[in-house]
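K.L.:
Generate coordinates for the sequence data below:
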Amino acid sequence: MEDPEEAMGKAGGKTLLTALLVSQAWAGHVEWSDGRRQEGTLQAGPNGTVRLHDGARVREWPLEGVSRVVFRPEKERLERAWRFVEAGQTRKEEWGDPFPVAELTADVWLADGGRVSGHLLSTVVYLQTAEGTEKIVVKHKLRGQPGEGMDALAYPAELVFGAAAAGVGGRAATVRLEGNPPCELAAVSRETMNTAAVAPAADDGWRVALEGGDAVVALRAEERIRVGWRGACDAAVTARIAQGLTDLKDFFDGRELLACAIDPADATVCHTLLLLHRKGATTLASKASQPWRLEVWRWRLGEGDDISAARRAVLFRGILAPKAPLPQVVLDAGLAKTGRLTADVRLETDADAFEARDAEAGQRLQPAPGAEVDRDRGIAVADHIHVAGVAELPQSRQHSDRFVIGPVHRGCDG
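P.N.:
As a prediction, the model looks like this:
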């Protein structure tokens with residue numbers, strides 16, 4: 001007998017199961033790890049719940065109690081097929097080409113404002129768009145085909161259920177910018193590595209909820225982005241970070257180190273501001289096929305040259321044509337004055353820095369020696385991201401340009 005879920009998948013976008021037609025649906029979107037973004041109506045699978053193991057027990061919520069789920073790689077590795085040489089013996093024999101394996105950690109954001117992290121049990125949701133209905137299966141462990149690289153493992157990096165979270169909660173701050181010029185706002189807490197939930201305020205400005213302090217506030221106006229960054233690193237730490245970026249492997253094979261800052265409370269922790277972009281081929285068929293991200297990363301500095309990327313969070317993202325210029329990023333001293341988003345906040349900006357394009361080059365740190373220079377985009381970039389000996393590199397995409405999480409179009413004239 002055919003599995004009804006498989007029958008649903010074979011039916012493509014033309015039909016929905018009767019049970020799904022009467023189930024609750026939410027306007028939302030799915031963002032994939034390879035940069036694709038799909039917007040439409042999300043519906044629950046047959047059981048209508050989200051189940052997650054938090055390390056101690058299995059927890060379960062109805063889908064209407066979840067506003068957002070973010071997935072990031074916990075472990076990534078290449079494996080080969082193997083078997084025991086003899087029964088009862090531990091010696092193994094491997095064969096064939098290596099294949100990619102990834103284990104995902106999930107952050108489940110609840111409609112009541114809570115958040116739980118752990119391993120998501122296999123979950124099915126259906127995304128209905130103008131093109132039809134797509135079945136999306138999310139698993140904790142992913143496996144590719146022999147001969148493929150890690151880039152071949154495309155998975156839903158973020159599910160956002162827009163209508164399930166009509167606001168950002170009662171603890172939100174009201175953030176305003178003088179003159180309310182058109183722009184987008186985003187923020188990340190370096191203390192907790194969370195991304196702010198942002199919604200437009202009724203009287204202009206934004207309603208912003210951000211768990212944790214040491215906020216990095218950013219404003220985007222078309223191709224320009226201002227970032228409020230505090231702190232710095234000495235030359236030795238900067239060189240270690242740059243070398244780590246050169247050695248590290250990641251989907252985004254081009255990256256620019258814009259700023260870094262040692263944690264004043266812990267000299268073994270460093271945060272960096274990175275402009276990442278995909279130079280290699282992608283699975284996107286449109287003319288805009290090259291994703292980019294502006295991210296904040298947390299690094300752990302070990303003994304000697306030991307360094308590991310511990311967490312990452314997204315401020316802004318987009319997709320460009322192959323030779324289109326990347327966004328221009330400026331470190332804004334005015335925005336850097338805002339370190340915590342509580343109660344009422346009025347942002348200050350350094351207008352001169354945002355208007356002076358020539359000053360932008362001085363704000364950018366140089367990548368490691370030998371890094372490739374992208375002449376078409378006018379930037380120096382490190383290549384081949386990989387931190388030696390580090391298997392874990394979370395890829396949280398905690399943002400959305402809808403009204404729930406992350407940058408929201410509101411106002412900021414460049």
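
K.L.:
Model confidence for the residue lying closest to Gly147 once chain neighbours are set aside, exactly?
P.N.:
Nearest residue to Gly147, sequence neighbours excluded (Cβ to Cβ, 6 or more residues apart in numbering): Asp97, at 4.3 Å. Placement of C-beta: from N, CA and C, glycine included. pLDDT, Asp97: 89.

K.L.:
elements contacting the helix or strand encompassing Asp97?
P.N.:
Assigned by DSSP states H and E, Asp97 belongs to strand 92-110. If contacts are counted by 3 or more Cβ pairs under 8 Å, 6 or more residues apart in numbering; DSSP states H and E, strand 92-110 sits against strand 49-53, strand 66-84, strand 115-120, strand 141-143.

K.L.:
Recalculate using a threshold of 6 Å.
P.N.:
strand 66-84, strand 115-120, strand 141-143 (3 or more Cβ pairs under 6 Å, 6 or more residues apart in numbering; DSSP states H and E).

K.L.:
Neighbouring strands - and their directions - for it?
P.N.:
strand 66-84 (antiparallel), strand 115-120 (antiparallel), strand 141-143 (antiparallel) (DSSP bridges).

K.L.:
For the protein, which residues score under the pLDDT cut-off?
P.N.:
Scanning the chain for pLDDT under 70 picks out 1-26, 162-171, 351-414.

K.L.:
can you list the domain ranges for it.
P.N.:
4-164, 186-409 (automatic domain parsing).

K.L.:
Among the ones you listed, which comes closest to Leu177?
P.N.:
Set against Leu177 and scored by Cβ to Cβ, the domains of the chain come closest in domain 186-409, at 4.8 Å.

K.L.:
which stretches of this protein form helices?
P.N.:
Ranges of helices in the chain, per DSSP state H, are 4-11, 18-21, 235-247, 351-355, 357-363.

K.L.:
Can I get the third one in PDB? Just the C-alpha atoms.
P.N.:
In this case it means helix 235-247. Below are the C-alpha coordinates for helix 235-247, written out as PDB (Å, rounded to 0.1, in the frame of the first residue of the first chain):
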ATOM      1  CA  ALA A 235      47.500  42.600  14.700                       C
ATOM      2  CA  ALA A 236      48.400  39.100  16.000                       C
ATOM      3  CA  VAL A 237      44.700  38.100  16.600                       C
ATOM      4  CA  THR A 238      43.600  39.700  13.300                       C
ATOM      5  CA  ALA A 239      46.300  37.600  11.500                       C
ATOM      6  CA  ARG A 240      45.000  34.400  13.200                       C
ATOM      7  CA  ILE A 241      41.400  35.100  12.200                       C
ATOM      8  CA  ALA A 242      42.400  35.900   8.600                       C
ATOM      9  CA  GLN A 243      44.400  32.700   8.400                       C
ATOM     10  CA  GLY A 244      41.500  30.800   9.900                       C
ATOM     11  CA  LEU A 245      39.200  32.100   7.200                       C
ATOM     12  CA  THR A 246      41.800  31.200   4.500                       C
ATOM     13  CA  ASP A 247      42.000  27.600   5.800                       C
END
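
K.L.:
Sort out which residues of that helix are buried, please.
P.N.:
Using 16 or more other Cβ atoms under 10 Å as the test for burial, helix 235-247 gives 237-247.

K.L.:
returning to that earlier point: the strands paired with strand 92-110: which one's closest to Ala285?
P.N.:
strand 141-143 (22.3 Å).

K.L.:
list the buried ones in the closest one?
P.N.:
Quick answer for strand 141-143 (16+ other Cβ under 10 Å): Leu142.

K.L.:
now stretch 56-74
P.N.:
Under the neighbour-count criterion of 16+ other Cβ under 10 Å, stretch 56-74 has 61, 63, 65-74 buried.

K.L.:
so what's Ala261 closest to, chain neighbours aside?
P.N.:
In this structure, Ala261 finds its nearest non-sequential neighbour in Gly231, 2.9 Å apart by Cβ to Cβ, 6+ apart.

K.L.:
Can you report how many residues lie near that neighbour?
P.N.:
Neighbour count for Gly231, taken as other Cβ atoms under 10 Å: 15.

K.L.:
Surely it and Asp263 touch.
P.N.:
No. Counting by Cβ atoms under 6 Å, Gly231 does not reach Asp263; the two are 8.1 Å apart.

K.L.:
Spatially nearest residue to Ala288, not counting backbone neighbours?
P.N.:
Leaving out its chain neighbours, the residue that sits closest to Ala288 by Cβ to Cβ, 6+ apart is Ile319, at 4.6 Å.

K.L.:
try Leu177
P.N.:
Leu177 sits nearest to Leu347 (Cβ to Cβ, 6+ apart), 4.8 Å away.

K.L.:
The one you found touches Thr174, doesn't it?
P.N.:
No. Contact criterion Cβ under 6 Å: Leu347 and Thr174 do not qualify, at 11.3 Å.

K.L.:
Looking at these two, which is more packed in?
P.N.:
When Leu347 and Thr174 are compared for neighbours, Leu347 comes out ahead with 22 against 17, by other Cβ under 10 Å.

K.L.:
ok, the more buried one to Asp34 distance?
P.N.:
Look at Leu347 and Asp34: by Cβ to Cβ, to the nearest Å, they are 34 Å apart.

K.L.:
Please apply the same query to Glu79.
P.N.:
21 Å.

K.L.:
Same question for Cys183.
P.N.:
28 Å.

K.L.:
more crowded one of these two?
P.N.:
Cys183 (23 against 18).

K.L.:
is it true that the more buried one touches Ala218?
P.N.:
No. Taking Cβ under 6 Å as the definition, Cys183 is not a contact partner of Ala218, at 9.7 Å.

K.L.:
what is in contact with those two at once?
P.N.:
Counting by Cβ atoms under 6 Å, 6 or more residues apart in numbering, Cys183 and Ala218 have no common neighbour.

K.L.:
Any idea how far apart the tips of stretch 78-98 sit?
P.N.:
Using Cα to Cα, to the nearest Å, the end-to-end distance of stretch 78-98 comes to 6 Å.

K.L.:
contact partners of it?
P.N.:
Applying Cβ under 6 Å, 6+ apart, the external contacts of stretch 78-98 come out as 100-101, 146-147.

K.L.:
Same check on stretch 227-239?
P.N.:
Contacts for stretch 227-239 (Cβ under 6 Å, 6+ apart): 217-218, 259-262, 273, 331-332, 335-336, 338, 365.

K.L.:
Next: stretch 49-66.
P.N.:
24, 44, 48, 108, 110-111, 116, 118-121, 123, 164.
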